[in-house]
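Peer 1: give me the fold of what follows.
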Amino acid sequence: MEFITTDKMRVVIGLGKSGYSIVAHLAKQGGPLVAMDTREQPPFADAVKGAFPDVRLVLGGLDEAILKQAAEIIVSPGLPLATPEIQAAKQAGVRVVGDIQLFAEQAKAPVIAITGSNAKSTVTTLVGEMAKAAGLKTAVGGNLGTPALELLSDAVQLYVMELSSFQLEATQGLCADVATVLNVSPDHLDRYDSYLAYHQAKHRIFQGAKAAVVNKDDSLSAPMAFDGMKQVRFGLGKPDLNEFGLVDYQESVWLAKNEQGVVKPLLDCRELKIKGLHNRSNALAALALGEQAGLPMNAMLETLREFPGLEHRCQWVADVDGVAYFNDSKGTNVGATEAALNGLGPDLNGKIVLLLGGDGKGAEFEFLTDSVQKHVKSIVAYGRDKAKIKVALQGTVSVLEADDFDDAIRMAREQAVQGDAVLLSPACASFDMFNNFEHRGDTFVAKVKAL
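Peer 2: Modelled structure (predicted):
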């Protein structure tokens, strides 16, 4: 196909999932369109060829001459804006944005925008469920699940968007109704020149926002300049005026809000299916975000009572004979399992029966000793490294060896009594017995529900 330059030409860089959604969105609008990728065989190149034959593909590198002639460049999150060819186009006066900027310019319904180094998927999903419980036609996505441009619809009443620093660095004015940076910790420093640059990318979420939800336990979550934004704060201590926090009430710890100087208990933390201090913080963040978006408190609290967490991440599965079962199949190393034990253990009336096993990848299971001593009643070891697990932890608690995964679940059920929890957090890879950690977790969930 002969290539004709025009001042209306647009270029999409990156042909992964997001890039394909950008091509599909722009192709509907008409006009010359080029899709580029540094890879010779990007994952969605054939899909673009089949669905949009008029789109010119440039693969195996970025053509700087074409980029400089574009009216607009839309960059997928996977490619840094610091790429020399992109910088050359910017210096030539070409507008360079990402899909979130296109989304922001076309979304007609209010937007709740959520980012953070950790927990953004949990909070995004939770707020989305709260909005649906309130009866709103809600679209949830962005960095999580469905790409942003595929969510656009005149029928949508509220957008709940998870956004990454990669997406935000190519966003010039999100103008969200409510925005939050849940937390900031070092991450993606192979992409950014410094920790400060990463921090600044996250904080682009506040550009033009009407309200900011701030984690008072993380000073880096607060906007560097409020510019008239309303500020709502949450934290794990007693809430100050108009903040969300925790309060001791009726011999328990409750989620609470300080309304005009009066602390109002909202929900006993024992009613949450998502356990641990980090999930209490997530629940408080979701309440603050939802309140600023006008969601009714009753619908939000009912959602918190029912929300099981994300799949394979300390996900509540079921209560069987007074024993709670949790799927933390994504706990594929001892650090992840330690975090799960320390998060779940303090919230239980009883103890944890822990399912450990698989391919330990050379891990030193002794690392779990302190957490096991505090929170675990017994361990059921299975899979390739079950003998190594028993040697490492036998002196801490009772360690039983199962013949297979079915036997492990049966033995765990026999060990647990009312008030206890059975936790699958294997501290191992799954490949000795399963296709991946999702397969392992799905198998666990199915077998627990069949008990």
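Peer 1: below-threshold pLDDT in the protein: ranges please.
Peer 2: Within the chain, the stretches falling below the threshold (pLDDT under 70) are 1-7, 187, 226.
Peer 1: how is it divided into domains?
Peer 2: The chain is divided into the following domains under automatic domain parsing: 10-97, 102-306, 315-449.
Peer 1: pull out the buried residues from stretch 102-112.
Peer 2: Applying a neighbour-count criterion of 16 or more other C-beta atoms under 10 Å, one finds Leu102, Phe103, Ala104, Ala107, Ala109, Pro110, Val111, Ile112 buried in stretch 102-112. (C-beta placed from N, C-alpha, C; glycine too.)
Peer 1: for those, give me TSV that also has distance to Ala92.
Peer 2: As requested, the buried residues of stretch 102-112 are arranged in TSV below (distance: C-beta to C-beta, whole Å):
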residue	distance to Ala92
Leu102	21
Phe103	25
Ala104	24
Ala107	29
Ala109	35
Pro110	36
Val111	31
Ile112	36
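Peer 1: chain center to the helix or strand where Ala47 lies: distance?
Peer 2: Mapping Ala47 onto the secondary structure by DSSP states H and E places it in helix 45-51. Distance of helix 45-51 from the chain centroid (C-alpha atoms, centre = their mean, to the nearest Å) equals 29 Å.
Peer 1: what's the very next helix or strand once past it packed up against?
Peer 2: Moving toward the C-terminus from helix 45-51, the first helix or strand encountered (DSSP H and E) is strand 56-59. Using 3 or more C-beta pairs under 8 Å, 6 or more residues apart in numbering; DSSP states H and E as the contact criterion, the secondary-structure elements in contact with strand 56-59 are strand 33-37, helix 45-51.
Peer 1: can you tell me which of those is packed in deepest?
Peer 2: strand 33-37 (a mean of 25; mean count of other C-beta atoms under 10 Å).
Peer 1: partners of it, with directions?
Peer 2: Pairing partners of strand 33-37, with direction, according to DSSP bridges: strand 10-13 (parallel), strand 56-59 (parallel).
Peer 1: which parts of the helix or strand following the first one are buried?
Peer 2: Stepping forward along the backbone from strand 10-13, the first helix or strand reached (DSSP H and E) is helix 17-29. Within helix 17-29, the residues that count as buried by 16+ other C-beta under 10 Å are Ser18, Gly19, Tyr20, Ser21, Ile22, Val23, Ala24, His25, Leu26, Ala27.
Peer 1: how about the residues you listed in TSV, adding distance to Leu400?
Peer 2: Formatted as TSV, the entries for the buried residues of helix 17-29 read as follows, by distance: C-beta to C-beta, whole Å:
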residue	distance to Leu400
Ser18	46
Gly19	49
Tyr20	49
Ser21	49
Ile22	52
Val23	54
Ala24	53
His25	55
Leu26	58
Ala27	58
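Peer 1: residue boundaries of the helices in the stretch 351-451 of the chain?
Peer 2: Taking DSSP state H, counting those that start in this stretch as the criterion, the stretch 351-451 of the chain carries its helices at 369-375, 386-393, 405-415, 437-449.
Peer 1: so which of those helices comes closest to Asp328?
Peer 2: helix 437-449 (8.1 Å; C-beta to C-beta).
Peer 1: what does that closest one rub up against?
Peer 2: Contact with helix 437-449 is made by 311-312, 315, 317-318, 320, 325, 327, 329-330, 332, 355, 358, 405-406, 409, 422, 424, 426, 429-430, 433-434, as judged by C-beta atoms under 8 Å, 6 or more residues apart in numbering.
Peer 1: one more time with 7 Å, if that's ok
Peer 2: Residues from elsewhere that reach helix 437-449, judged by C-beta atoms under 7 Å, 6 or more residues apart in numbering: 311-312, 317-318, 325, 327, 329-330, 332, 405-406, 409, 424, 430, 434.
Peer 1: stretch 142-161 too?
Peer 2: Contacts of stretch 142-161 from elsewhere in the structure, counted by C-beta under 7 Å, 6+ apart, are 17-18, 21-22, 25, 99-100, 102-103, 106-114, 121, 124, 127-128, 131, 136-141, 162-164, 167, 293.
Peer 1: about what we covered before: which strands and helices sit next to the helix holding Ala47?
Peer 2: Here helix 45-51 touches helix 17-29, strand 56-59, going by 3 or more C-beta pairs under 7 Å, 6 or more residues apart in numbering; DSSP states H and E.
Peer 1: mind doing that once more with 8 Å?
Peer 2: Helices and strands touching helix 45-51, by 3+ C-beta pairs under 8 Å, 6+ apart, are helix 17-29, strand 33-37, strand 56-59.
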